[in-house]
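Trainee: return atomic coordinates for the entry below.
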Amino acid sequence: MPDGALDMPVNFAPEAGNARQLRDAFGRFATGVTVVTALGEDGPVGIVVNSFSSVSLDPALVLWSPSKTSRRFRYFEAADHYAIHVLSADQAELCQGFSKDAHAFDGSRYQLNANGVPLIEDCLARFECTRTATYDGGDHLIVVGRVDQAEMRDGDALTFYAGKFGLASQP
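Mentor: Residues are numbered from 1 along each chain as shown. Okay, the predicted model is just below:
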């Protein structure tokens, strides 16, 4: 295939029998990687999320969408307060830890804010939020939160594309 040429597209109507194809198509959108944390009934919990987006500057609103089938869903469905951490390129190991264990705080530096929400240190950005609304989103819950406090720093971002980690560098 000549340089710059594209493979032939795969066309399909999403249905139950081809969920993997739809997931792969969604994976063609490169995203940043976040960990959302909250205080659960059994201590601090976290979940890896790439469905994060800013919504509004005034008021400052963000959204994210946990899967209803996740074993961690109960924690985040009930959380009035949570923090969204945008991970830096050197936090892939932290991300992998939270993808396997809701309580993967061992070895990571964090502190609790006034609402008991764990705040992971050394992230590119962090948004401490209060839930303002939730909406049914099929097999996910769309969670909208007001940003009460934000923090950011310079660095390269951890990205996710086609099932693999990568990085996005600052210009």
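
Trainee: can you give me the buried ones in stretch 14-31?
Mentor: Thr31 (16 or more other Cβ atoms under 10 Å). Every C-beta, even on glycine, is put in place using the N, C-alpha and C of the backbone.

Trainee: how about the strands in this structure?
Mentor: Residue ranges of the strands in the chain, as given by DSSP state E, are 31-32, 34-40, 43-49, 53-56, 61-64, 81-86, 110-112, 118-120, 125-137, 140-152, 157-161, 164-168.

Trainee: where does the protein have its least confident helix or strand?
Mentor: Ranking every helix and strand in the chain by mean pLDDT, DSSP states H and E puts helix 19-26 at the bottom, with a mean of 83.

Trainee: now that helix: how far from the chain's centre is it?
Mentor: 18 Å (Cα atoms, centre = their mean, to the nearest Å).

Trainee: can you pull the pLDDT of the residue nearest in space to the middle of the chain?
Mentor: Centroid-nearest residue in the chain, with Cα atoms, centre = their mean: Val49, separated by 2.2 Å. Listed pLDDT for Val49 reads 93.

Trainee: relative to Glu128, how far out is it?
Mentor: Noted for Val49: a distance of 15 Å to Glu128, by Cβ to Cβ, to the nearest Å.

Trainee: so where is this protein shaky, pLDDT-wise?
Mentor: 1-5 (pLDDT under 70).

Trainee: circling back: for His103, which of the strands of the chain is the nearest?
Mentor: strand 43-49 (6.4 Å; Cβ to Cβ).

Trainee: residues in contact with that closest one: which ones?
Mentor: Contacts with strand 43-49, where a contact means Cβ atoms under 8 Å, 6 or more residues apart in numbering, come from 33-39, 64-66, 70, 72, 75-76, 84, 95, 98-99, 102-105, 110, 112, 118, 120.

Trainee: switch the cut-off to 7 Å
Mentor: Residues from elsewhere that reach strand 43-49 (Cβ atoms under 7 Å, 6 or more residues apart in numbering): 33-38, 64, 66, 70, 72, 75-76, 95, 98-99, 102-105, 118.
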